[in-house]
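[1] A structural model of the following input is requested.
(2 chains)
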Amino acid sequence: MAKFGFKQLHKDKKTRARVGEIMTPHGVIRTPAFVPVGTQGSVKSLTPEELDTIGVQLYFVNTYHMYLRPGIEVVKKAGGLHTFMHWDHPLMTDSGGFQVFSLGRSPVSFPRRRESVLVFEETRIPDQVGNDNKKMVKITDDGVEFQSHWDGSTHLFTPERSMEWQSALGGDIHIAFDDCTPYPVSHEKAQKSMERTHAWAMRSLKAHRQGALYGSIQGSVYEDLRKESARFIANQNFDGIAIGGVSVGESKKEMRNVLEWVVPLLPDDKPRHLLGVGEIDDIFTMIERGVDTFDCVAPTRLARTGSLYVRHGQIDITKSKYAKDLGPVEKSCTCYTCRNFTRAYIHHLFHVRELLAYRLATIHNLHFVHMVVNNIREAICANRFLDCKRQWL
RNA sequence: GUCAGGAUGGCGGAGUGGUCAAUCGCAACAGACUGUAAAUCUGUCGCCCUAACGGGCUCCCCAGGUUCGAAUCCUGGUCCUGACA
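    Residues are numbered from 1 along each chain as shown, chains lettered A, B, ... in the order given. From the prediction side, this is the model:
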């Protein structure tokens, strides 16, 4: 099996943007690269072949979800995630750290940004166990006690277990178990969370057996903490660096700051992954500041709720103004959806809740993101990143 | 023609004397969604005024009536549906 490695091939002359290659046992990842999220072992609604056709090079699977269902043992017996899911290309597994954040909110709610302050609204997700106003996680220094969102049962996650399970799943890139700091948060709490993340990073490193391991940087929106965390993680023997604790409710400016503090402190010979960010404008923000890969649910989730990417924005295809629109979603798009279907048709599918709606929409949004990223990659090679950015935004 | 049942906001459909401008679903409109408890969630949804609290007006087929008070009870009318002829 090929070893893991990273090569920087070209750096843009005016920015930190760079083009590179990540070598993995399941093939090379050309960076910058967008990483779709397949939380439960599936990028919702699409087959691996369809993802491949779109240009998806690797995707993300969540250890927490696979552990709960179907269970690590099942995947292990199946021969690992690649075989289980029928995906031959690289895979990344998340540590479960994000669920510390997402299940740790009380009451169950959707966060909403409001002038860079996170407001929690009391809106429930229906039909799930354990949503009766209780936090579903309990953090200790040892690890995190989760209450299953399926049946309420209790499960302990530790760095050691996360490593063991990620190894059993067999993804190419693993992430150290971290404590995704919520927002807003005091400096004191952010520091505690960062220190816990560092301690867990060391334990992850020690317990780690196979596959590449990325250490995760935290520190919320505090410059001193972010820099401290970046230095700390950069100094350990990780194969790559993950930046976490962003897109948790902070403003875009705060997210930009984090990148500007952190990336200059990272070694050039390791790949950098930004966890959980990937709206179209963010893609430029990240790549410009030296991020190589980034995973995000936005394109796929937005697609399922009817928001489709078009140049310079997105449209809500469910609006009745598209009911008779016989043009493609985006005329400059060459995806399967845009080549063969009209806005009116997709509008209709959403309206009657046909399953094809979600598939066509997801194909389009993923294709669109890949089109943007491919474009950026070419632009970097020609030292034209900023021109490219201007052209898309 | 006789008997029975029914007419409620764009649609379906609750409500059967006051707390009803009227539950709920759909549609409509607006909004949200960034390491996915998400094919999801939130808000508005008779008209007018208010930033909001709130206030005013009109309203449950039509016309009368009973009552302090009616979408709800009574009388008449119109229309619809089912059964029997």
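[2] Need the residue closest to the centroid of chain A.
    A:D295 (2.6 Å; Cα atoms, centre = their mean).
[3] quick one, what contacts it?
    Taking Cβ atoms under 8 Å, 6 or more residues apart in numbering, we find A:D295 in contact with A:34-37, A:59-60, A:92, A:273, A:275-276, A:278. C-beta coordinates here come from the backbone N, C-alpha and C atoms, glycine included.
[4] how about it, phi and psi?
    Reported as degrees, to the nearest 10, the phi and psi values for A:D295 are phi -110, psi 150.
[5] how about the strands in the stretch 1-150 of chain A?
    With strands called from DSSP state E, counting those that start in this stretch, the stretch 1-150 of chain A shows them at A:5-11, A:18-24, A:27-31, A:33-36, A:59-62, A:91-94, A:110-114, A:117-121, A:137-139, A:144-147.
[6] Now the first one: average pLDDT?
    Strand A:5-11 comes out with an average pLDDT of 97.
[7] on that earlier part again, out of the strands of the stretch 1-150 of chain A, deepest packed?
    Comparing the strands of the stretch 1-150 of chain A by mean neighbour count (mean count of other Cβ atoms under 10 Å), strand A:91-94 comes out on top with a mean of 28.
[8] Would that strand count as contacting RNA strand B?
    Yes: Strand A:91-94 reaches RNA strand B (Cβ under 7 Å from any atom of the strand) through A:D94.
[9] got it, and stretch A:279-289?
    Yes: using Cβ under 7 Å from any atom of the strand, stretch A:279-289 comes into contact with RNA strand B via A:279, A:282.
[10] ok, and what's touching that stretch?
    Outside stretch A:279-289, the residues touching it (Cβ under 8 Å, 6+ apart) are A:15-17, A:32, A:34, A:247, A:252, A:255-256, A:259-260, A:263, A:274, A:277, A:294, A:296, A:298, A:309, A:369, A:372-373, A:376, A:380, A:385-386, A:389, A:392-393.
[11] One more: stretch A:336-344?
    With Cβ under 8 Å, 6+ apart as the test, stretch A:336-344 has contacts from A:53, A:315, A:317, A:322-331, A:346, A:360-361, A:363-364, A:367.
[12] Go back to those and keep what's next to RNA strand B.
    When contact is defined as Cβ under 7 Å from any atom of the strand, the contacts of stretch A:336-344 do not meet RNA strand B at all.
[13] what bits of chain A have low per-residue confidence?
    Within chain A, the segments meeting pLDDT under 70 span A:1-2, A:106-134.
[14] Endpoints of stretch A:260-280, how far apart?
    Stretch A:260-280 has an end-to-end distance of 19 Å (Cα to Cα, to the nearest Å).
[15] For A:L225, list the residues it contacts.
    Per Cβ under 8 Å, 6+ apart, neighbours of A:L225: A:187, A:190-191, A:194, A:218-219.
[16] Which of the strands of the stretch 1-150 of chain A sits closest to A:H198?
    Closest approach to A:H198 among these is made by strand A:137-139 (14.7 Å; Cβ to Cβ).
[17] does that closest one come close to RNA strand B?
    No: applying Cβ under 7 Å from any atom of the strand, one finds strand A:137-139 out of contact with RNA strand B, separated by at least 9.8 Å.
[18] Give me the contacts around that strand.
    Contacts made with strand A:137-139 from outside it, assessed by Cβ under 8 Å, 6+ apart, are listed as A:99-100, A:103-104, A:144-147, A:179, A:196.
[19] Tell me what angle the lengthiest helix in chain A forms with strand A:18-24.
    Looking across chain A with DSSP state H, the single longest helix is helix A:355-381. Here the directions of helix A:355-381 and strand A:18-24 differ by 120 degrees (axes from the mean of the first three to the mean of the last three Cα atoms, to 10 degrees).
[20] how much does the helix or strand that comes right after helix A:355-381 deviate in direction from strand A:18-24?
    Next along the chain after helix A:355-381, taking DSSP states H and E as the criterion, comes helix A:385-392. Following the same axes, to 10 degrees, one obtains 90 degrees for the angle between helix A:385-392 and strand A:18-24.
[21] Contacts for helix A:385-392 next, please.
    A:12, A:14-15, A:17, A:280, A:284, A:287-288, A:311-312, A:372, A:375-376, A:378-379.
[22] Equivalent analysis for stretch A:43-51, please.
    A:36-38, A:54, A:56, A:59, A:85-88, A:300, A:304, A:355, A:358-359, A:362-363, A:366.
[23] picking that back up, weed out the non-buried ones from the contacts of helix A:385-392.
    Neighbour-count burial (16 or more other Cβ atoms under 10 Å) is assigned, among the contacts of helix A:385-392, to A:12, A:15, A:17, A:280, A:284, A:287-288, A:372, A:376, A:379.
[24] Go through those residues and say which is closest to RNA strand B.
    Nearest to RNA strand B among the buried ones among the contacts of helix A:385-392, counting by Cβ to the nearest atom of the strand, is A:I280 at 9.4 Å.
[25] Provide the secondary structure category for the residue sitting furthest away from the middle of chain A.
    No residue in chain A sits farther from the centre than A:K324, which is 35.3 Å out by Cα atoms, centre = their mean. Secondary structure assignment for A:K324 (DSSP: H, G, I helix; E, B strand; the rest coil): coil.
[26] what's the spacing between it and RNA strand B?
    Distance, A:K324 to RNA strand B, using Cβ to the nearest atom of the strand, to the nearest Å: 12 Å.
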